[in-house]
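Q: turn this into a structure:
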Amino acid sequence: MIRVARTKGLADIRVVPLRDFADDNHRTIDDYPYGGGPGMILKVEPVARAIDSLPPPAGTRRETILLTPQGERLDQELVKKLLFSGDLVLLSGRYKGVDERVRAFATREVSIGDYVLSGGEFAALVLIDAVVRLVPGVLGSFDSAAGDSFETGLLDCGYYTRPEEFRGMKVPDLLLSGDHGAIERWRRRDALARSLSRRPDLLGRADLSGEDHLLLQELGWEGASPPPAKKRRKR
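A: Numbers count the residues shown, from 1 in each chain. Okay, the predicted model is just below:
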């Protein structure tokens, strides 16, 4: 999707090597930490010079994001916010960490999960792909992205394609019925069931209808009660 976005001119992605902004013959961008200890620290000067070299923002505003395990967790809501920033600068750390003064140049700190990578390049690719695929025109059908897990606050339902039977495993008959209304209800129930069994924490934050609550109760959820039905105004 990143290649498609670039080919169509829907995303301009540039890599800025920090070593181009080092000030010694060895193009050094890291050093030992003050106070001692293991590991090397990414220096502040190359980062600052690289940011200073950038052209003005392409959009109305620029988000400069430091990719770090200490940042806010990347989720679909944050991805959509970043999509509308228009111009993103991703600071990829390396080694033990970054000089604390690098944080002064960031408008936001983001983490892709509670684990540590060798460098922020991998996290940058994750964030870029998550944002770029939501740019209108990148995916063949935007409805495909709109129905993904987390877009509705829930996990997505299960999907099937040909063959109708494989090693005794059959496609649910309802999905072959052509009854689109019944299929949509099946998919909603399946999404609720998956969310309940795998990520019940999502249910407390999801925008659930009264019908959703009833379905969840049938599935064994002991969460919030269904919202009261709206009373019709008398004329």
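
Q: and this structure, what are its domains?
A: 2-132, 165-218 (automatic domain parsing).

Q: okay if I get those domains as JSON lines plus mean pLDDT, mean neighbour count and distance to P226?
A: Any C-beta I mention is one placed from the backbone N, CA and C, and that applies to glycine too. Below are the domains of the chain laid out as JSON lines (pLDDT from 0 to 100; neighbours: other Cβ atoms under 10 Å; distance: least, Cβ to Cβ, whole Å):
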{"stretch": "domain 2-132", "mean pLDDT": "94", "mean neighbour count": "15", "distance to P226": "25"}
{"stretch": "domain 165-218", "mean pLDDT": "96", "mean neighbour count": "14", "distance to P226": "4"}
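
Q: can you put the ones you listed in TSV and add distance to C157?
A: Shown next, in TSV, are the domains of the chain (distance: least, Cβ to Cβ, whole Å):
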stretch	distance to C157
domain 2-132	16
domain 165-218	4
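
Q: can you give me the strands for this protein?
A: 30-31, 41-42, 61-73, 86-92, 97-98, 108-111, 165-166, 169-170 (DSSP state E).

Q: what angle separates the fourth one from strand 61-73?
A: Angle between the axes of strand 86-92 and strand 61-73 is 50 degrees (criterion: axes from the mean of the first three to the mean of the last three Cα atoms, to 10 degrees).

Q: mind starting the numbering at 467 from now?
A: Let's use 467 as the start, then, which means that last one is strand 552-558.

Q: extract the C-alpha trace of strand 552-558 and format it as CSV.
A: Written as CSV, here are the backbone C-alpha positions of strand 552-558 (Å, rounded to 0.1, in the frame of the first residue of the first chain):
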residue,chain,number,x,y,z
GLY,A,552,-1.2,16.2,6.7
ASP,A,553,2.5,16.3,7.5
LEU,A,554,4.3,13.8,9.7
VAL,A,555,7.9,13.7,10.8
LEU,A,556,8.9,10.4,12.4
LEU,A,557,12.0,10.4,14.6
SER,A,558,13.4,6.9,14.8
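
Q: many thanks, have a good one.
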